[in-house]
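Trainee: build the 3D model from these lines:
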Amino acid sequence: MLKSSTTLRSFSLLSLGLVLLAGCSKEDIRVAEPQNSLSSAATANSETVVRRSQHYIILSSTDQLPADLASQTQAANGTLTEQLPGAGLALATSSDPDFAAKAGRITGVRSVIHDFSYQGYNPEAARGVEAVQDADNTNPASTGDNDRFFPLQWGHTAIQAPEAWNTGARGQGALVAVLDGGFDLTHPDLKANIVGAESFVTGEKAQFVGSGFSHGTHTAGTIAAVDNNIGVVGVAPDAKLLLVKVLRDGGSGSFSWMIQGIYYAVSKQADVINMSLGAAIPRNSKFRDDNGTPNDTSDDTWVNETKEIQELLVAISKATTYATKNGVTVIASAGNDANNGQRDQDLMHIPSGATSVISISATGPLGWALNPSTTLDRVASYTNYGTSDVTFAAPGGDSEYPGNEIVTVAGVRQYAFAFDMVFSCTSLGRYSWSAGTSMAGPHAAGVAALIVGKNGGQMDPTQVRATMRASADDLGKPGRDPFYGYGRVNAYRAVTQPAN
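Mentor: Residues are numbered from 1 along each chain as shown. Sure, this is the predicted structure:
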């Protein structure tokens, strides 16, 4: 039976890929359309990155916090809410507008800055076309895997994941922390691999609420969906998942939640952190201040906080460096602003631009459903790039195919452009297509989990990075280039070829 529904093409302002809702027997698509105007991206992010006037991040001059910080913070008219020893970070609240200046005079404190909130993705849409329902969701007998939708996972083909599995490398013994929005904790393709879930989002539990697209569920599925003959399969299907909610179900969050999530993942001895999230923030711009009323924008003011934004990157870098020093390989999406970081260095991306972070750009085919032999390594139209901004590339998908042909692949009948995106899990036990560097990061995180699993767990991040570099397919210009970094990750070579 064919039935129409509304399909929307819109892209997140930041680094989160957003798209399609799909059930086992029908698909309602939301297709991402890249944001090609850098100036509009910068303007939009200046508006959506908001200073939290009563929430602060305290940065120590070292990795350790000053002694008796709680009482000294109180003396500065603030309340210490969280101490993160080893990372040299702490969180505080205060209604005193002079708190940052007062607390900044505490011996051993490098700086005191406001926390900032940001909008990760916009669940609403801008451009509509018709979607077509699934006619016959059957899995062809010739498929190389028994999971129902495995033939739609072209990304696994691109990075040679099945070949890696055939060597026995499936991620067993690796723990991947997924820092994202809410998760479907009961999804049949995820629940057997979930070993823990935690939320740092005020008023929201880790469980995704609602029937819409679940970004966190999608990324987790690409990394480690169970090989259970049901739906999709992850790059590292035997790895375990630690699901950490640092964004609201609606896509917004604060950087302090990100910091807490990183610290928590370290405390749970995660081997890999995947952050398919972030904000592209102008270094020199004005930002809104919420004046202590985050749910009421009527009295917001505009402030110029260039120094605070620069220190915000330092704060995130202290957290990511702490994670790396404690044996965690940190991976983040490069962002969807189509920004050349070498040319326009004013727009910095957090957290992919932080210290020790492996930054992932996106690749994807154009018209794959019509021509399965087409290249899977085309640079995605939206991906951020720049030689110093990209470490590796991975499949993120794209929706640039211009036609509206309806085709059938592995029994799934849908628009051809949908099949160029990444297929994974979403809310209510369902599945969806999505495109973005958010979808590329999990492919790379899955490869990292395969490497760690092969090593028996607890592998030094520098060794993981070296193995990924030695095994990546060097596409584009020889050596590190602006689009592929050191190359597109390759799962098979990563578990069969030693690092140089």
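
Trainee: so how far is Lys286 from Ala236?
Mentor: To Lys286, Ala236 is 43 Å away according to C-beta to C-beta, to the nearest Å. Every residue, glycine included, has its C-beta placed from N, CA and C.

Trainee: looking at those two, which is more packed in?
Mentor: Ala236 (34 against 14; other C-beta atoms under 10 Å).

Trainee: surely the more buried one and Ala225 touch.
Mentor: No. With contact defined as C-beta atoms under 8 Å, Ala236 does not count as touching Ala225 (9.5 Å).

Trainee: name all residues that make contact with Lys454.
Mentor: Residues in contact with Lys454 (C-beta atoms under 8 Å, 6 or more residues apart in numbering) are Ala169, Val495.

Trainee: swap in Ala67?
Mentor: Listed by C-beta under 8 Å, 6+ apart, the contact partners of Ala67 are Gly108.

Trainee: then it would be within a strand, right?
Mentor: No. Applying DSSP: H, G, I helix; E, B strand; the rest coil, one finds Ala67 to be coil, outside a strand.

Trainee: state the distance from it to Ala90.
Mentor: Plainly put, Ala67 is 12 Å away from Ala90 if you go by C-beta to C-beta.

Trainee: helix or strand: which one has Val226?
Mentor: Here Val226 is covered by no helix or strand, with elements defined by DSSP states H and E.

Trainee: can you give me the neighbour number for the closest residue to it other than its chain neighbours?
Mentor: The shortest distance from Val226 to any non-neighbouring residue, by C-beta to C-beta, 6 or more residues apart in numbering, is to Ala192 (4.8 Å). For Ala192, the count of nearby residues is 16 (other C-beta under 10 Å).

Trainee: tell me the secondary structure for Ala192?
Mentor: Classified using three-state DSSP, Ala192 is helix.

Trainee: and it, how far from Thr301?
Mentor: Ala192 sits 49 Å away from Thr301 when distances are taken as C-beta to C-beta.

Trainee: local confidence estimate at Leu38?
Mentor: The model reports Leu38 with a pLDDT of 31.

Trainee: Thr7 now?
Mentor: 30.

Trainee: begin at 49 from here
Mentor: Renumbered: residue one is now 49, and that last one reads Thr55.

Trainee: so Ala245 is in contact with Thr234, correct?
Mentor: No. Using C-beta under 8 Å, Ala245 makes no contact with Thr234, being 10.9 Å away.

Trainee: neighbour count winner among the two?
Mentor: Neighbour totals were compared for Ala245 and Thr234, and Ala245 leads with 18 against 11 (other C-beta under 10 Å).

Trainee: which ones are touching the nearest residue to Gly451 once chain neighbours are set aside?
Mentor: Nearest residue to Gly451 in three dimensions, chain neighbours excluded: Ala464, at 6.1 Å (C-beta to C-beta, 6+ apart). Contact analysis of Ala464 by C-beta under 8 Å, 6+ apart lists Gly415, Ala417, Leu418, Tyr449, Gly451, Asn452, Glu453, Ile454, Val455.

Trainee: so which of the residues you listed sit within strands?
Mentor: Among the contacts of Ala464, the members falling in strands (DSSP state E) are Ile454, Val455.

Trainee: checking the residue lying closest to Gln208 once chain neighbours are set aside next. Helix, strand or coil?
Mentor: Among residues not flanking Gln208 along the chain, Tyr540 sits closest, at 3.7 Å (C-beta to C-beta, 6+ apart). State at Tyr540, reduced to three classes by three-state DSSP: helix.

Trainee: quick check: Tyr540 touching Glu211?
Mentor: Yes. Contact criterion C-beta under 8 Å: Tyr540 and Glu211 qualify, at 3.9 Å.

Trainee: shared neighbours of those two, anything?
Mentor: By C-beta under 8 Å, 6+ apart, no residue touches both Tyr540 and Glu211.

Trainee: please enumerate the helices of this structure.
Mentor: For the chain, applying DSSP state H gives helices covering 86-96, 117-123, 147-151, 202-206, 209-213, 263-272, 303-315, 354-373, 485-503, 509-519, 539-544.

Trainee: so which of those helices gets nearest Arg391?
Mentor: Shortest distance between Arg391 and the helices of the chain, using C-beta to C-beta, is found for helix 86-96: 9.4 Å.

Trainee: what bits of the stretch 299-448 of the chain have low per-residue confidence?
Mentor: The model of the stretch 299-448 of the chain has pLDDT under 70 over residues 343-348.

Trainee: quick one: the strands in it?
Mentor: 300-302, 320-323, 327-330, 334-337, 349-352, 377-381, 395-398, 406-411, 440-443 (DSSP state E, counting those that start in this stretch).

Trainee: got TSV for these, with distance to Gln506 too?
Mentor: Below are the strands of the stretch 299-448 of the chain laid out as TSV (distance: least, C-beta to C-beta, whole Å):
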stretch	distance to Gln506
strand 300-302	29
strand 320-323	11
strand 327-330	32
strand 334-337	40
strand 349-352	44
strand 377-381	11
strand 395-398	28
strand 406-411	18
strand 440-443	22
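
Trainee: out of those, nearest to Tyr311?
Mentor: Short answer: strand 320-323, nearest of the strands of the stretch 299-448 of the chain by C-beta to C-beta, at 10.7 Å.

Trainee: contacts for the closest one, please.
Mentor: Residues outside strand 320-323 that contact it (C-beta under 8 Å, 6+ apart): 222-228, 267, 271, 306, 310, 313, 371, 376-381, 399-400, 489-490, 493, 496-497, 500, 512.
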